[in-house]
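Trainee: 3D, please:
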Amino acid sequence: MNVTDRAFIHKFGRLILMVVLGILSFFLLLFLFWSIFIGGLFLIIFSVIMMAVFLPLKLNNQQFTIIRIILGIAALAMMLMFSDLPIVEAQKRFNDLDSKVANRGLASLTLADKMTIYNTNIIISFYGRILGFPEYGKQSLRLCVKSSGARTWESEFALKSPKVVSVINNWSVLLKRHRRDVSHVMLPARTISWQNTQNDRRVALALNPVTIEAKACPVGNRWRLDCKATTRIKYRSGAERILLMSGDKKLTLPEGPFWALQQAGWLKPYTAVWEWSFFSDDERLSK
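Mentor: Got it, this is the predicted structure:
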């Protein structure tokens, strides 16, 4: 490898690193704005430190690199020592907003309050994949844009829910009794809701409540099921969702403030449809 090739690889690697750090800095900037709106001192300090660690500047400066490493270790130590604190700070702000809406109505929300709620919805959208609920995050982002009709996605994530699998297994029992000399069978629609989402968080956050329909087509000795899960994406007054858990602490999102933002037209409800296909002998149905 000659000098020119090494120089090209070095520049290309540096460019890739700057792009990655730039993307991380953008997400951290969103998190910093959210922390400021939340008003949590720990969240603000942590966000500022992380911004300094991942800022795409002075990448060749050895002294600045050492400072980055020290700040990164400090941020990690803070999170390990005070992991409950960000949840406590965010929960207090959400509870205050929920109490304000419940006692004094939509008109009591200030612009800062509305920005806090709206920015929280965006944070959920961008950080959903990291936190373990990518579908809920994707759906939350669409609340920021008015939809003319239902929004359709393809994914089998609903099969991770024991409640959904139970409905499908009941359909499989019906299919075993059904004659196979037909083009297809329309299976009876079922509605599922979750009272406690703690053990089924990913699916429940995205689909609670949901109506599941399926068309079964005979393929050889098996049935292929084409499923459709339909849910209305909106926040409900008086409801709540558990987003995070750390030890004995949990971040519970009261939906009242978000419902108020819907009433104000900042968030726009819509219908979401998730579609997927699989065979009736899929091993996931027996787990």
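Trainee: from here on, just use CA atoms for contacts and neighbour counts.
Mentor: Fine.
Trainee: contact partners for residue 38?
Mentor: Residue 38 makes contact with 89-90, 93, 116, according to C-alpha atoms under 8 Å, 6 or more residues apart in numbering.
Trainee: which SS class is residue 211?
Mentor: strand (DSSP: H, G, I helix; E, B strand; the rest coil).
Trainee: nope, residue 145 is what I meant
Mentor: Going by three-state DSSP: residue 145 is coil.
Trainee: and the longest helix along the chain, which residues are buried?
Mentor: For the chain, the helix with the greatest residue count under DSSP state H is helix 3-38. Residues 18, 21-22, 24-25, 28-35, 37-38 are the ones in helix 3-38 that count as buried (16 or more other C-alpha atoms under 10 Å).
Trainee: same deal with stretch 236-254?
Mentor: 237, 241, 243, 251-254.
Trainee: what sits up against the helix or strand hosting residue 252?
Mentor: In this structure, residue 252 sits in strand 249-254 according to DSSP states H and E. Outside strand 249-254, the residues that touch it by C-alpha under 8 Å, 6+ apart are 84, 87-88, 90-91, 94-95, 98, 238-245.
Trainee: now, those that are in helices?
Mentor: Per DSSP H, helices hold the following members of those: 87-88, 90-91, 94-95, 98.
Trainee: which other helices and strands does the strand ranked longest in the chain contact?
Mentor: What stands out as the longest strand in the chain, according to DSSP state E, is strand 222-233. Under the contact definition 3 or more C-alpha pairs under 8 Å, 6 or more residues apart in numbering; DSSP states H and E, strand 222-233 sits against helix 201-207, strand 210-219, strand 270-279.
Trainee: between those, which one is closest to residue 104.
Mentor: Comparison of the helices and strands packed on strand 222-233 against residue 104 by C-alpha to C-alpha identifies strand 270-279 as nearest, at 27.0 Å.
Trainee: would you mark the buried spots in that closest one?
Mentor: Buried, per 16+ other C-alpha under 10 Å, within strand 270-279: 270-277, 279.
Trainee: quick one: residues contacting residue 87.
Mentor: 244, 249-251.
Trainee: where does the stretch 101-250 of the chain have low pLDDT?
Mentor: Within the stretch 101-250 of the chain, the ranges that satisfy pLDDT under 70 run 197-198, 246-247.
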